[in-house]
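>>> Predicted structure and sequence below. I'll ask about it afterward.
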Amino acid sequence: MPFDEAATKCACDEQLSYWTGYAHGVGSQRIHRSCPKCGRGFDPSGQTCAVIDGWTGVSTPLLGGLTFCFALVVDCHKYFPNEEEAGRRFHLRSEFLDLWRNFIGVPFELVVTFD
């Protein structure tokens, strides 16, 4: 889920979040790094938004939201399991996670969503 509007407002009251319009949903929302009105910088790492589990609908807070400097989308398309039990057994290989830790250098956070 996107950040609350209040969380992405500059001190000068300018809204920093905007929609690109090229896709539906959170994936097309962006946040200015600096305010277009006053030039003040914005750091979303102290803000929290909700991440909703694609299987259960349970909401979990995530500090910084999905505003990471680097993201990797794994699209399994029709090969992703349709049932929750089978989907919960879906894991990335340990070799991939080792590469991530060694070369990307940021914590890995798995977020499962459905379109």
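It's in.

>>> if I look at the residue minimising distance to the centre of the chain, how far off is Gln47?
By C-alpha atoms, centre = their mean, the chain has its centre lying nearest to Leu66, at 2.2 Å. Distance of Leu66 to Gln47, given as C-beta to C-beta, to the nearest Å: 11 Å. C-betas here are computed from N, CA, C, even on glycine.

>>> And for Thr67?
8 Å.

>>> Repeat that for Ala7.
For Ala7 relative to Gln47 (C-beta to C-beta), the value is 4 Å.

>>> residues of the helix or strand of the chain with the lowest mean pLDDT that come out buried?
Lowest on mean pLDDT, DSSP states H and E among the helices and strands of the chain sits helix 84-88, with a mean of 71. Residues of helix 84-88 include none that count as buried (16 or more other C-beta atoms under 10 Å).

>>> do the same with stretch 31-50
Ile31, His32, Cys35, Phe42, Pro44, Gln47, Cys49.

>>> show me what contacts Glu84?
Trp55, Thr56 (C-beta atoms under 8 Å, 6 or more residues apart in numbering).

>>> residue ranges with poor pLDDT in this protein?
Flagging of the chain using pLDDT under 70 yields the residue ranges 21-28, 68-77, 79-82, 87, 111-115.

>>> the strands in it, which residues?
17-19, 29-31, 48-52, 59-63 (DSSP state E).

>>> mind listing what the first one pairs with, with the direction of each?
Strands flanking strand 17-19 in the sheet, each with its direction: strand 29-31 (antiparallel) (DSSP bridges).

>>> Ok, the third one next?
Looking at strand 48-52 with DSSP bridges, its partner strands are strand 59-63 (antiparallel).
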